[in-house]
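# the following comprises the amino acid sequence and a computationally predicted model.
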Amino acid sequence: GAVVSQHPSRVICKSGTSVKIECRSLDFQATTMFWYRQFPKQSLMLMATSNEGSKATYEQGVEKDKFLINHASLTLSTLTVTSAHPEDSSFYICSARVDRGSTIREQYFGPGTRLTVT
Amino acid sequence: GQQVMQIPQYQHVQEGEDFTTYCNSSTTLSNIQWYKQRPGGHPVFLIQLVKSGEVKKQKRLTFQFGEAKKNSSLHITATQTTDVGTYFCAGPVTEAGNNRKLIWGLGTSLAVNP
């Protein structure tokens, strides 16, 4: 199956600093990547949809200036949490998808990044 | 907006018992996808159902897509401790600007007593 890597797996940072998370599709080209946030024992909360070469589409309530997304190539998307605060502590997961025709196909998830802001 | 509801939220079974989780969409879906997330892990794609009334099996797992393509179920026969995790259903939606994404159910967390 398709493999998606995510780096770093864990990060602890001080309040006010910025953190960049990388998401890479290793053996396929992803036309679309997604960034999710997940709190303990809760469902996936979609933050934004990232399409290669275009601006990300953010979900309602997600601050685009705080969560910067760059999808520079078909294999790499980055999420930067700017000026992080303790309430930004969470599990961030990316996923990648290859669309063929009109069918919305399955997503392949990275292993996630556990962010702790102190 | 479109919603995907999933029940039950939690299920605790004895090893060997069967388990079923149900997924209901507020609108007709072009397909439905199921994912499994182990504790501490990330979601892993299990299967996609496309056709009305479709039934697919993966060993002890049976997936069904309703005739109206608005509901789906996942049934596990004779659960094992390796089945522990949260099972999510997800349905696609296309928004303005051709933004295509998945709407996720809240998941059903399965615990299995050995």
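Nice, I can see it.
# low-confidence ranges, chain B, go.
Along chain B, the model assigns pLDDT under 70 to residues B:97-98.
# remind me which helix or strand the closest residue to A:Lys20 other than its chain neighbours belongs to.
Excluding the flanking residues, the one nearest A:Lys20 by Cβ to Cβ, 6 or more residues apart in numbering or on different chains is A:Thr80, at 4.7 Å. In short, each C-beta sits where N, CA and C put it, glycine included. Following DSSP states H and E, one finds A:Thr80 within strand A:76-81.
# who are the contact partners of the closest residue to chain A within chain B?
The nearest approach of chain B to chain A comes at B:Pro92, 3.6 Å away (Cβ to the nearest Cβ). By Cβ atoms under 8 Å, 6 or more residues apart in numbering or on different chains, the contact list for B:Pro92 reads A:104, B:29-31, B:33, B:100-103.
# give me the beta-bridge partners of it?
B:Leu102 (DSSP bridges).
# distance of it relative to B:Glu17?
According to Cβ to Cβ, to the nearest Å, B:Pro92 stands 32 Å off from B:Glu17.
# again, but for B:Ala90
According to Cβ to Cβ, B:Ala90 stands 26 Å off from B:Glu17.
# and the two? which has more neighbours close in?
Using other Cβ atoms under 10 Å in any protein chain shown as the criterion, B:Ala90 and B:Glu17 rank with B:Ala90 on top: 29 against 14.
# secondary structure element holding the more buried one?
Taking DSSP H and E as the definition, B:Ala90 sits inside strand B:85-95.
# ok, now A:Gln29?
Remark: A:Gln29 resides in no helix or strand, with elements defined by DSSP H and E.
# residue closest to the middle of chain B?
Nearest residue to the geometric centre of chain B (Cα atoms, centre = their mean): B:Cys89, 3.4 Å.
# test my guess that it contacts B:Leu106.
No: between B:Cys89 and B:Leu106 there is no contact, the gap being 9.6 Å when judged by Cβ atoms under 8 Å.
# shared neighbours, those two?
Common neighbours of B:Cys89 and B:Leu106 (criterion: Cβ under 8 Å, 6+ apart): B:Gln6.
# where along chain B do the strands fall?
Using DSSP state E, the strands of chain B run over B:4-7, B:10-14, B:19-25, B:32-37, B:43-49, B:55-58, B:61-65, B:71-76, B:85-95, B:99-104, B:108-113.
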